[in-house]
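1. Sharing a sequence plus its predicted fold:
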Amino acid sequence: MFGSTRITEPATARQRVRALKEELAASPDDPELVRHLRVAERILAKSHYYEVARAFGQRVGKAGKTLGDGELVIMTGGGPGIMEAANRGAFDVQGKSIGLNITLPHEQYPNPYITPNLCFRFHYFALRKLHFLLRTRALVVFPGGYGTLDELFETLTLAQTRKIQPIPVILVGEQYWRRVFDVDFLVDEGVIDEEDRDLFWYAETADDIWNGIIQWHQSNGSDLFAD
């Protein structure tokens, strides 16, 4: 699972908006405060995705507990935001989860919900990507920025060029992704094929994501729950 580190849980997002409104009331002509408030309101509008990611983490955590040790777990980039939500969901149901953290100029610390002996830190993005894709049975992508887009397009490119076996790719939040990534425009421009639309689909809820992954594996003759 990937998604923005900046999308916090709703309570935190609401608190940030309230604090900025109070600051702006004291300094109504401050353009920086106006900009920060606008951004905070957009984060608040997306904060429900934190709860969707957490609920999906719970679904995977429960399913993973019925299998052999470590056979089906949530794997995230290990940081805050959407990644924290997914690890937290597995933690809620006493399930295991993995965090593949990365060394960054502005240090990204592992979130506290990763299973302790499954928390790893990488220096190189390429090696981190390798370990993400090596065992992946599905890629679930929530709204995010450059890092999220990097992981998404890397996976779509490898699947398109048959460098990896196809996997289900789910973009959570159709309204967001249709603005970020206009696949119909790319088809119309002739730079990708029509069949490349089928490399991913959209979902909105944890149930949508989970049921779609199961159906994809059934349709493709693979077993999501295989050892």
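-> Sure thing, it's come through.
2. Apart from its chain neighbours, what residue comes closest to residue 111?
-> Distances taken as CB to CB, 6 or more residues apart in numbering place residue 84 nearest to residue 111, at 3.8 Å, with adjacent residues excluded. All C-beta spots, glycine's among them, are computed from the backbone N, C-alpha and C.
3. got a list of what the one you found touches?
-> By CB atoms under 8 Å, 6 or more residues apart in numbering, the residues touching residue 84 are 76, 111, 113.
4. top of those by neighbour count?
-> Highest neighbour count within the contacts of residue 84: residue 76, with 29 neighbours (other CB atoms under 10 Å).
5. Quick check: the nearest residue to that one once chain neighbours are set aside vs residue 210, distance?
-> Sequence neighbours aside, residue 83 is the residue nearest to residue 76 in space, at 3.9 Å (criterion: CB to CB, 6+ apart). Here the criterion is CB to CB, to the nearest Å. By it, residue 83 lies 18 Å from residue 210.
6. which one of the two has more residues nearby?
-> Set residue 83 next to residue 210 and count neighbours by other CB under 10 Å: residue 83 wins out with 34 against 21.
7. Return the set of buried residues in the helix or strand that contains the more buried one.
-> Under the criterion of DSSP states H and E, residue 83 resides in helix 82-92. Judged by neighbour count (16 or more other CB atoms under 10 Å), helix 82-92 contains these buried residues: 82, 83, 84, 85, 86, 87, 88, 89, 90, 91.
8. Show me what the top strand by length along the chain is packed against.
-> Counting by DSSP state E, the longest strand found in the chain is strand 97-102. If contacts are counted by 3 or more CB pairs under 8 Å, 6 or more residues apart in numbering; DSSP states H and E, strand 97-102 sits against strand 74-76, helix 82-92, strand 119-122, helix 125-134.
9. ok, now how distant is residue 156 from residue 150?
-> 11 Å.
10. What about residue 105, how many residues nearby?
-> Per other CB under 10 Å, the neighbour tally for residue 105 reads 5.
11. Which of the three states applies to it?
-> Here residue 105 is coil, with the state taken from DSSP: H, G, I helix; E, B strand; the rest coil.
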